[in-house]
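>>> structure for this input, please:
(one chain, ligands or ions: 2)
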Amino acid sequence: MPIKLLEDLPGVGPATAEKLREAGFSSVEAIAVASPGELVAAAEVGEATASKIIAGAREVADVGGFETGDRILERRRMVGKINTGSKNLNELLGGGMETQSIMELYGEFGSGKTQVAHQMAVNVQLPSEMGGLHGSVIIIDTENTFRPERIAQMVKGLPPGPDGQERDPADFLKNISVARAFNSNHQILLAEKAMEMAEKAKDSDYPVRLIIVDSVTAHFRAEYVGRGTLANRQQKLNKHLHDLMRFGDLNNALILVTNQVMSKPDTFFGDPTKPVGGHVLGHTSTFRIYLRKSKGEKRIARLVDSPNLPDGEAVFSVTTEGLKD
Ligand code: GTP
Ligand code: MG
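Numbering: from 1, shown residues only. Ligands and ions are numbered 1, 2, ... in the order given. A predicted model of the protein is given here:
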C-alpha cells in the first residue's frame, strides 16, 4: 500500500500538515473520518478549507467498504479461540477469547484486568492443542504496567513442553512487542504502527494474533476533561477502536482492551459502576467482561451484552502462576 502523505491533500501545506500530525491526524484515513470542526481546531484553518481537506482525504483514503456475506462467512470460519487458563472463564466465553473481536475487560483497580492481559499474551503463543494460536502479541501499554517478570512467572506455571522440560520464559518474551503510549494521540499512532508490524509478521512462524491496549481509555479520560470536550473525545476513541477492529479483522487477531470503572461518583463521567468511555466503547466491543474482586485470589467475571452468548458469571483465580480456576 503506497503511503499517502498529508501534504498531498488539497489545502494542506507543510505547516498545516505538521499541525495536523501534532494533533494526532497522522494519516489520510484519520482525516477522512474527522469532522471539519476537529480540523479547524487542530490546524487553525477555516471551515471551508477543513471541508476541502476532508473531501480530498476521503477520495484517497482506504476507509473500508462493503463486503459480501460469503466473504464475511469465510472470514468468520477462521475465528480462533484462545484458552484463558481458567475452564470456568473459557466456558463463560463459549470456549475462550475469540479472534476478530474486541474483548473489553472493565473493572476497578486491582480487579485483575492487567493480569488477564498478561496471561493472554502467554497463552496465545501456545500450540493449538493447548488452546493457543501459535501467535505473537503486540501490547500498547498506557500505564506502564507491563511486567516481563510476571510473564516469566506465568510461563513457569504452564505444563512442561513437549520435551518434558520446563518452558523458557525468554521464548515467550521474544514474541511480545510492547510500546508505551505517552498520550492518546501517541496511542492512536501506535495502533497504526502495529498494523505495519503485523503485516510484516504475517507469514512468519508467529503471526500477530493478539493486540492488547491496557488501558484503552486512561489517556482519553485524563486529557479530555470538561463536558465541552466529550464529543471530541468520543470521536477520537471511536476512530481508535475502529482502527483496532480493522486490525483484528485483517490479522485474525483478538483485540483485548482494558477499561477502568469510574471510581468517584462526583466525576463528570457519572455512574461509578459504569465503564469509562460510555457508549462508543460499549457498542464497538464484541465482548465485555466486568471483573470484580472476591475473596483472596478469587475474581468474578461477568459477561455483559454479548451478541451470541448468554450473560453469566464465572469465578477464577489470579495466582502467582497465572489464571486458574
Ligand atoms: P488497574 O490497572 O489499577 O485498574 O488494575 P487491574 O485491574 O489491571 O489490576 P491488576 O490486573 O494489576 O491486578 C493486580 C492484582 O493481581 C493484585 O492486587 C494481586 O491481587 C494480583 N496479583 C498480581 N500479581 C500477582 C502474583 O504474582 N500472585 C498473585 N497471587 N496475585 C497477583
Ligand atoms: Mg491494570
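>>> so where does the closest residue to ligand 2 within the stretch 1-150 of the chain fall, helix or strand?
Proximity of the stretch 1-150 of the chain to ligand 2 (CB to the ion) peaks at T114, 3.2 Å away. The C-beta positions use only the backbone N, C-alpha and C, and glycine is treated the same way. Here T114 sits within helix 113-123, counting by DSSP states H and E.
>>> buried set for that helix?
K113, T114, Q115, V116, A117, H118, Q119, M120, A121, V122, N123 (16 or more other CB atoms under 10 Å).
>>> tell me which residues touch the last one, please.
If a contact means CB atoms under 8 Å, 6 or more residues apart in numbering, then N123 has I82, N83, T84, G85, M130, G131, G132 as its contacts.
>>> correct me, but D249 touches R75?
Yes - proximity of D249 to R75 meets the contact threshold set by CB atoms under 8 Å, at 6.9 Å.
>>> between those two, tell me which one has more neighbours.
D249 (17 against 14; other CB atoms under 10 Å).
>>> quick one: the strands in the stretch 201-325 of the chain, in order.
208-214, 254-260, 287-293, 298-304, 312-319, 322-324 (DSSP state E, counting those that start in this stretch).
>>> out of these, which is closest to I139?
Closest to I139 of the strands of the stretch 201-325 of the chain, according to CB to CB: strand 208-214, at 4.6 Å.
>>> where's the closest one relative to the chain centroid, distance-wise?
6 Å (CA atoms, centre = their mean, to the nearest Å).
>>> thinking again about what came up before, tell me if the helix holding T114 is near ligand 1.
Yes - using CB under 6 Å from any ligand atom, we find that helix 113-123 touches ligand 1 at K113, T114, Q115.
>>> and which of those residues is nearest K239?
K113 (22.9 Å).
>>> distance-wise, check the closest one relative to L250.
For K113, the distance to L250 (CB to CB, to the nearest Å) stands at 25 Å.
>>> mean pLDDT, mean neighbour count and distance to G107 added to the strands of the stretch 201-325 of the chain, as a markdown table?
Below are the strands of the stretch 201-325 of the chain laid out as a markdown table (pLDDT from 0 to 100; neighbours: other CB atoms under 10 Å; distance: least, CB to CB, whole Å):
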| stretch | mean pLDDT | mean neighbour count | distance to G107 |
| --- | --- | --- | --- |
| strand 208-214 | 98 | 26 | 12 |
| strand 254-260 | 94 | 27 | 7 |
| strand 287-293 | 93 | 21 | 4 |
| strand 298-304 | 95 | 19 | 9 |
| strand 312-319 | 96 | 18 | 12 |
| strand 322-324 | 97 | 22 | 15 |
